[in-house]
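>>> This is a predicted model, with the sequence first.
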Amino acid sequence: MTVLVTGGAGYIGSHMVLELRDAGETVAVIDNLSTGFDWAVPEDVPLHVGNIGDQEFVRGVLRERKIDAIIHFAGSIIVPESVENPLLYYRNNTANTRNLIEVAVECGITRFIFSSTAAVYGNPEENPVSEDARLFPLSPYGRSKLMSEEMMADVATAHDFEYVALRYFNVAGADPAGRGGQSTPRATHLIKVACETALGRRPKMQIFGTDYPTPDGTCIRDYIHVKDLAMAHVAALEHLRRGGKSNVFNCGYSRGFSVREVISAVKSVSGVDFEVELAPARAGDPAAIIAKSDKIRTALGWRPAHADLEGIVRNALDWERHLMDRQKAD
Ligand SMILES: NC(=O)c1ccc[n+]([C@@H]2O[C@H](COP(=O)([O-])OP(=O)(O)OC[C@H]3O[C@@H](n4cnc5c(N)ncnc54)[C@H](O)[C@@H]3O)[C@@H](O)[C@H]2O)c1
Ligand SMILES: O=c1ccn([C@@H]2O[C@H](COP(=O)(O)OP(=O)(O)O[C@H]3O[C@H](CO)[C@H](O)[C@H](O)[C@H]3O)[C@@H](O)[C@H]2O)c(=O)[nH]1
């Protein structure tokens, strides 16, 4: 039986593929390579290049391979872009997920794991925020994911279909063995931007907003290592294979770091005192968001092993150096 990973050529999906392969699973990938890279998929893993919203294409893949479960990462992920072009997000994240699920139900695939996001909470009333907190996304990106969560709940009621929605907090870091990392050009994520600046790929970076109601005035986030996140999916897959029911889990460590603390960590691990400018706040950024994570620990037995900011930064920096060498060689 094969586990199908959509978006498996992207940042998180490619780590999932590595983790599944390491566990001896048979894996196949669907990706349209819009932000992913064919080289990120190991050569012995079949890569079907196409759109998850194209039902005929997906049906063909599902019929060709005996699929035991789908882990669905494919999507569009940039919050400000979703504000400028909401229809793109409702198509790629919501409508395409709908099309994929419809073919999955038609083909009798009953196990589905979905990439959701902490963005469904918006500005939480309480931190750490628990799964049953009020859901009030601040962006079309967050709403596009929340709509998918609601759709999956309805499908699970009506059909033989069980899902796990994992709400990722801020994903960062790279494979500790150096096999993968975040490779998207013009990335907007804080740790990636700070690592690029430390290595001279950007002349300077900015802190967006310094008068938030937090101890040092900058935003607080719960940064989770991409390898621990991949392991959360392995635990979710085991849960569904054991006959576990549909559920929603936060993926974070229940601790937060401010933007200034993250930048200090990157400066200290890299040994480079790069230039940082203070800039106005970015629209729609919540001041602080930290995951309550007891639910996934208790229900799925998830035990993170890389919850150390310096370690996350070290792996991210190593991957950034690898990308620079790769580009020099090209
Ligand atoms: N990176 C984060 O901090 C974060 C946080 C919360 C949730 N997520 C979610 O995790 C998932 C993966 O994110 P990522 O950071 O790896 O992003 P990414 O852009 O690196 O990966 C997305 C992958 O999906 C592919 N893709 C996009 N639309 C597709 C389509 N219609 N058909 C087929 N393939 C398609 C892209 O080519 C890419 O390889 C996304 O659903 C995202 O919303 C990410
Ligand atoms: O150059 C930068 C980049 C970011 N930031 C700040 O750093 C914090 C983290 O920003 P990121 O862009 O790294 O991450 P976000 O918290 O905005 O969003 C991420 O996490 C969310 C969940 O909380 C969503 O899932 C989303 O997809 C994902 O990009 C924010 O306060 C942001 O303003 C800076 O100050 N300078």
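Thanks, I have the structure now. Ligands and ions are numbered 1, 2, ... in the order given.

>>> from here on, contacts and neighbour counts on C-alpha atoms
Fine.

>>> how far away is the residue in the stretch 151-300 of the chain positioned nearest to ligand 1 from residue 125?
Of all residues in the stretch 151-300 of the chain, residue 171 sits closest to ligand 1, at 4.0 Å by Cα to the nearest ligand atom. Per Cα to Cα, to the nearest Å, residue 171 is found 22 Å from residue 125.

>>> Settle it for me: which of these two has more neighbours?
residue 171 (22 against 12; other Cα atoms under 10 Å).

>>> Does the more buried one fall in a helix, a strand, or a coil region?
strand (DSSP: H, G, I helix; E, B strand; the rest coil).

>>> got the CA positions of the longest helix seen in the chain in CSV?
In the chain, with assignment by DSSP state H, the single longest helix is helix 309-329. The C-alpha coordinates for helix 309-329 follow below in CSV (Å, rounded to 0.1, in the frame of the first residue of the first chain):
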residue,chain,number,x,y,z
LEU,A,309,15.5,27.3,18.9
GLU,A,310,19.4,27.2,18.4
GLY,A,311,19.1,23.7,16.9
ILE,A,312,16.3,24.9,14.5
VAL,A,313,18.4,27.8,13.5
ARG,A,314,21.6,25.7,13.0
ASN,A,315,19.7,23.3,10.7
ALA,A,316,18.2,26.2,8.8
LEU,A,317,21.6,27.9,8.4
ASP,A,318,23.2,24.6,7.2
TRP,A,319,20.5,24.2,4.6
GLU,A,320,21.0,27.8,3.4
ARG,A,321,24.7,27.2,2.9
HIS,A,322,23.9,24.0,1.0
LEU,A,323,21.5,26.1,-1.3
MET,A,324,24.3,28.6,-1.9
ASP,A,325,26.8,25.9,-2.9
ARG,A,326,24.1,24.3,-5.2
GLN,A,327,23.5,27.6,-6.9
LYS,A,328,27.2,28.3,-7.4
ALA,A,329,27.5,24.8,-9.0
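
>>> which helices and strands does that helix pack with?
On a contact count with 3 or more Cα pairs under 8 Å, 6 or more residues apart in numbering; DSSP states H and E, helix 309-329 meets helix 190-198, helix 259-270.

>>> Between helix 190-198 and that helix, find me the angle.
Calculated by axes from the mean of the first three to the mean of the last three Cα atoms, to 10 degrees, helix 309-329 forms an angle of 60 degrees with helix 190-198.
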